[in-house]
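A.B. asks: give the three-dimensional model of this entry:
(chains A, B and C)
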Amino acid sequence: MTNLTLSRLSVTLRRREVFRDVSLSIGGGEFVGLIGPNGSGKTTLMRAALGVLPHDGTSSLARLSPSRRARTVAWMPQAREIAWPVSVEDVVMLGRLPHLGTGQRPSANDRAHVDKALSRMELDDMRHRAATRLSGGEQARVLIARALAQDTPILMADEPVAGLDPAHQISTIRSFGKLAESGKCVLVSLHDLGLAARHCTRILMMGDGGIVADGPPRDVLTPDRLAHVFGITAWYRDTDQGPVCQPLEVIR
Amino acid sequence: MKRLAVALTLAVIALFMASLLVGPAGVGLSESLSALFRGDGGPLTLVMREIRLPRALLAVMIGASLGLAGAAMQGYLRNPLAEPGLIGVSGSAAFGAVLAIHTGLSAAFALGLPLMALAGALLGVLLVMLLAGPGGTSLTLILAGIAVSSLAGSLTSLVLNLSPNPFAANEIVFWMMGSLADRSMAHVWLALPLMLVGWGLLALLGRGLDALTLGEDAAEAMGVGLRGLRLKLVIGTACVVGAGTAVAGAIGFVGLVVPHILRPLVGARPSRLLWASTLGGAAMVLAADIAVRVVLPARDLKLGVLTALVGAPLFLHLILKQRRERI
Amino acid sequence: MVRRAARCISAFRRASEILRSGPHHAAALTALLSWASPAASGDAAPMRVASMNLCTDQLAMLIAQQGQLHSVSYLASDPRSSAMADKAAGYVENHGLAEEIYLMQPDLVIAGQYSTQATTAMLRRLGIPVEVFPPATSLEDVRARILRMGDILHRQVQARELVAEFDARLGHLRQQVTQRPEAVLYYANGYTSGDSTLAGQILLAAGFENATTRAGYGAGARLPLEVLVMTIPDIVITSRPYPGASRSEAMLDHPAVRAFRTGRAGATMTDHDWVCGTPYVLRAIEELAETRRAITGETR
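C.D. replies: Residues are numbered from 1 along each chain as shown, chains lettered A, B, ... in the order given. All right, here's what the predicted structure looks like:
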């Protein structure tokens, strides 16, 4: 299984150092949540790992050729952009682009992947509707389906649940979890500490220009770190219904 | 999809034939066709081969170019208001062409005319891309377009006013509005090489433009090389718009109207819109050029007048629609 | 207010007619519109006259006495449009601007119908009499303009002599015609002149038939390239290109025109003899008659 490996990755944007010397490795089956306050560099880290930002150090993805990389990692940017009133099915089919040669038409195999992604995101009955006319939550699901159709060993998503209602937040995070269970390597940035604690197998916490903690939720989400990095207090318990993390007060 | 392709192709062929048959000389159908194909060297052959054929060919070439360029620019900028004429690319191309004619470059070196128009168009595209960028708001795009077209327009007027030729100053109308009247095969050969290059480059964009539907980051992660795409778009657009403007002046709104009409028919896919708009553009310019000859046969009605009469209301409608959607 | 608007509109129409009537008026374009006024000539002969139109410039130079004419338009010294460029160098040049002409303190201003209306109106307000000459559209007009110029400059004798000479030469030219080949006048932008224009009259006087009359063009109008090619005249007479390039003139080089011209006689108009209704039109007629004889093989 392909791993995502970063070593001594550093990014400086407009002469401001965003983070430096980030080294980590994520393997198949892991569902990694990337958390950190606004501006801590979550998006930058993921984009640098993809190789679409100038950086120092190495990333296993950035070293691949663009077409090879497109078959290795699926990336969902935070902005949910669908520029034209393209049908849901067509949007999802875009995920198959990296697998098609120039001018090649989608094969039965490509269609099967699209069908699978559509039914996984419960989009079967809206496959012919224009994606731009859907609600925000539905659009988010369409874009996840698109990433699924890309059928890559690694999946990276920038705040995929932002703006979704609780039911869709949970079901979306669950689908990422299931993908990880099926052996993929999943990296997702999140603002919701509760979702991260409950669903991720591993959490990366960003702050102070780097990764401040890396490990299972209960080891990372300690009161000290939450106070130091986020400036909050939180209630954390392992309950019989799984771990619960609820932010409480602002300290600073 | 196939049905649309067939319908558009048939429309282009029918309009092309109609264009060959419309003219002040008023000759019968079989007579004109036999003069065109058999060619007895008589005056009718001259009319068909040297006056009507180049006119119809240029209408197809320029229409196809404008439709294609419009669809490509809209796909890249992800904005249905992007159009070579509106954002000043045609205007800058006209400036380049006027400069080539009035410095004597085009007289010294035949390809000087389309090449200077290409340079002008290139400058125009680059300026607009710099000012408005991809994914920029419609407002910045329109403002950038106004700035670039008025600058190009005033520089064109300046060059024409400085000319020692008393006719030159009146030709601003031609350069701003465009016309296919009295063009010759020489113009066809002048424009064709650059257009072929441009069509080739723009035709390669389909896949990248499809991916760009989801934004630049997503497209890049799907293996689309944005730098190459941008380069092909800029050079391709400059080639087709430059070559067309050099021989027929700036014809506006074709690249706006045609993609807008055809977009719903191709499921809004930017790649399909490329070929559809190419055919649709050819049909629209052919139809407009037939109309200027039928509506006011005695006057040299400019082609751009007609396309603007159709295009401007649509443009306003699109702006209102965008305002409602608060983009 | 309404009347002024109507004037403006008709002024505009006249300007566009001149534009349409062909490039030989290109020079006249620089000067614009005006209106006829009651004769400004008083009892005494004007002694400091300014002319601001190419055609009145030349008539005045032909008829005025020494020292009577003070200024002519700048076009009068352009050899391309003026038949009297050399002579014009002896006068003060004007550009048809009210301010410059007022400062010359003329006692009479002569303008063309297409001189700027604002300028002539301004000059009249400032108390300077303005005489306006409409353009000549026939050879009879030429005689009338000469006589009128004689009247307002109080040089009737000179004017009558000029007319007598004009009549004699013209009569001589007209006697020589036996065969009338067909010709088309073709200018930049594809304009042509029909019989009711001065150029059309020059053509007729030189012994040609105007082929565009047959095609239904009486005055100045755009002649579609196709119609030109299909008309099949014996000769196409084109305007002489100006320096610098223009699209308008480039179409005289259209492959269809070129192909059509090969094997046919051709001639060019020398603008300075064709533009104005002065006795110099006779020179245009003589040259054109020479071309006609070359076509028909007549001898003098």
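
A.B. asks: check the gap between the residue most central in space within chain B and chain C for me.
C.D. replies: Geometric centre of chain B, nearest residue: B:L66, 2.9 Å, by Cα atoms, centre = their mean. Using Cβ to the nearest Cβ, to the nearest Å, one obtains 20 Å as the distance from B:L66 to chain C. No exception for glycine: its C-beta is placed from N, CA and C like everyone else's.

A.B. asks: what does B:A191 give?
C.D. replies: 15 Å.

A.B. asks: does the nearest residue to that residue once chain neighbours are set aside count as helix, strand or coil?
C.D. replies: Spatial nearest neighbour of B:A191, excluding adjacent residues (Cβ to Cβ, 6 or more residues apart in numbering or on different chains): B:A243 at 4.1 Å. The three-state label given to B:A243 by DSSP: H, G, I helix; E, B strand; the rest coil is helix.

A.B. asks: repeat that for A:Q246.
C.D. replies: Taken by three-state DSSP, the conformation at A:Q246 corresponds to strand.

A.B. asks: can you pull the contacts of C:A183?
C.D. replies: Listed by Cβ atoms under 8 Å, 6 or more residues apart in numbering or on different chains, the contact partners of C:A183 are C:L203, C:F208, C:E209, C:N210, C:A211, C:P233, C:D234, C:I235, C:V236, C:I237.

A.B. asks: specify the local secondary structure of the residue of chain B most remote from its centre.
C.D. replies: The C-alpha centroid of chain B is most remote from B:D40, which lies 34.6 Å away (Cα atoms, centre = their mean). Classification of B:D40 by three-state DSSP places it in coil.

A.B. asks: quick one, phi psi at it?
C.D. replies: Backbone torsions of B:D40, given as degrees, to the nearest 10, read phi -90, psi 10.

A.B. asks: quick check: it vs B:F253, distance?
C.D. replies: B:D40 is 41 Å from B:F253, where distance means Cβ to Cβ, to the nearest Å.

A.B. asks: for chain B, what are the nearby residues on the stretch 201-300 of chain C?
C.D. replies: Counting by Cβ under 8 Å from any Cβ of the partner chain, the stretch 201-300 of chain C comes close to chain B at C:221-222, C:224-227, C:229-230, C:232, C:242-249, C:251, C:254-256, C:259-260.

A.B. asks: mind listing which of those residues are in strands?
C.D. replies: Under the assignment DSSP state E, these contribute C:A221, C:R222 to strands.

A.B. asks: just the endpoints, please. Distance across stretch A:157-169?
C.D. replies: Stretch A:157-169 has an end-to-end distance of 14 Å (Cα to Cα, to the nearest Å).

A.B. asks: buried residues, it. List them.
C.D. replies: Neighbour-count burial for stretch A:157-169, counted by 16 or more other Cβ atoms under 10 Å in any protein chain shown, picks out A:A157, A:D158, A:E159, A:P160, A:V161, A:L164, A:H168, A:Q169.

A.B. asks: in terms of pLDDT, where does the third one sit?
C.D. replies: Meaning A:E159. Here the pLDDT value assigned to A:E159 is 93.

A.B. asks: okay but the residue nearest to B:A191 is in contact with B:L194, surely?
C.D. replies: Yes. Contact criterion Cβ atoms under 8 Å: B:A243 and B:L194 qualify, at 3.8 Å.

A.B. asks: okay, the two: which has more neighbours?
C.D. replies: Neighbours per residue (other Cβ atoms under 10 Å in any protein chain shown) separate B:A243 from B:L194, with B:A243 holding more: 31 against 24.

A.B. asks: distance of that one relative to B:S65?
C.D. replies: Going from B:A243 to B:S65 by Cβ to Cβ gives 7 Å.

A.B. asks: what sits in contact with each of the two?
C.D. replies: Common contacts of B:A243 and B:S65 (Cβ under 8 Å, 6+ apart): B:M195, B:G198.

A.B. asks: check contacts around the residue nearest to A:D158 when sequence neighbours are not counted.
C.D. replies: By the measure of Cβ to Cβ, 6+ apart, the closest residue to A:D158 outside its immediate chain neighbours is A:Q78, 4.1 Å from it. Counting by Cβ under 8 Å, 6+ apart, A:Q78 makes contact with A:T43, A:D158, A:E159, A:A162.

A.B. asks: tell me the secondary structure for A:Q78?
C.D. replies: Going by three-state DSSP: A:Q78 is coil.

A.B. asks: and the residue nearest the centre of chain A, what is it in contact with?
C.D. replies: Chain A has A:A157 as the residue nearest its centroid, 2.2 Å off, counting by Cα atoms, centre = their mean. Residues near A:A157 by Cβ under 8 Å, 6+ apart: A:W75, A:M76, A:I144, A:A147, A:F176, A:V186, A:L187, A:V188, A:S189.

A.B. asks: next secondary structure after the helix or strand it falls within?
C.D. replies: Assigned by DSSP states H and E, A:A157 falls within strand A:154-158. Downstream of strand A:154-158, the next assigned helix or strand under DSSP H and E is helix A:166-181.

A.B. asks: what angle sits between that following helix and strand A:154-158?
C.D. replies: 150 degrees (axes from the mean of the first three to the mean of the last three Cα atoms, to 10 degrees).

A.B. asks: strands paired with the following helix or strand past helix A:166-181, and their directions?
C.D. replies: Once the chain leaves helix A:166-181, the next helix or strand it forms, by DSSP H and E, is strand A:185-189. Partners of strand A:185-189 in the sheet, by DSSP bridges, are strand A:31-35 (parallel), strand A:154-158 (parallel).

A.B. asks: near chain B, which residues of chain A are found?
C.D. replies: Checking chain A against chain B by Cβ under 8 Å from any Cβ, the hits are A:47, A:50, A:52, A:66-67, A:69-71, A:73-77, A:79, A:81-87, A:90-91, A:94-95, A:97-98, A:102, A:130, A:143, A:146, A:150.
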